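*Asks:* Let's see this in three dimensions:
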Amino acid sequence: MYNMTFEELNGDYSQERMDTVAKALEEVLTSALPQGGITVGVYEAAKSLNVDPDNVVLCVLAADEEDVKDVALQIHFTLIQAFCCENDINILKVNNTRRLAQILGGGGGGKQSGGEPLDLHCVLVTSPHSTSWKDPALSKLSRFCRESRCMDQWVPIINLPER
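*Replies:* Numbering: from 1, shown residues only. Next comes the predicted model:
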């Protein structure tokens, strides 16, 4: 059993704890990428959620400051969040799409093969069918999401620091 401090009970996580969660997120994304366990893009994520929601272990929603004013994107986020909550899929929100592009693109700037920018607003992490994927970093993220939900923070926001 995990004992929470008073600050955590109030929803105020320490900077050290948030850094640990951000690092765990980066580890999960980089380990799932070579296994083909990443789905990128709002539309692609919606298709994947519709086809096989039981295989999705994490949903990452990403938005920069200018994205907050995009009404269509916010509607998509609301629908994806509702679906994930209904299907017991952990959700995190990150506020640095450029850093997310670096993590997923290996420094390629988040571009598709045709030069088009990737839609990094929604990233799904799926578990490979062939093996039971037990990643310690994923366990940390799952625990963090569960604890956040207990504090009525259904979609905790993670700051991905620049490197």
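
*Asks:* where along the protein do the helices fall?
*Replies:* 6-9, 15-32, 42-51, 71-86, 97-105, 136-150 (DSSP state H).

*Asks:* Which elements pack onto the last one?
*Replies:* By that I understand helix 136-150. In this structure, helix 136-150 makes packing contacts with helix 15-32, strand 56-62, strand 90-94, judged by 3 or more C-beta pairs under 8 Å, 6 or more residues apart in numbering; DSSP states H and E. Quick note: C-beta positions are derived from backbone N, CA and C, even for glycine.

*Asks:* Would you mind putting these into a markdown table with distance to residue 105 and mean neighbour count alongside?
*Replies:* Compiled in a markdown table, the helices and strands packed on helix 136-150 are given as follows (distance: least, C-beta to C-beta, whole Å; neighbours: other C-beta atoms under 10 Å):
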| stretch | distance to residue 105 | mean neighbour count |
| --- | --- | --- |
| helix 15-32 | 11 | 17 |
| strand 56-62 | 13 | 23 |
| strand 90-94 | 15 | 20 |
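
*Asks:* contacting residues around residue 160?
*Replies:* Neighbouring residues of residue 160 by C-beta atoms under 8 Å, 6 or more residues apart in numbering: 22, 25-26, 94-96, 99-100, 103.
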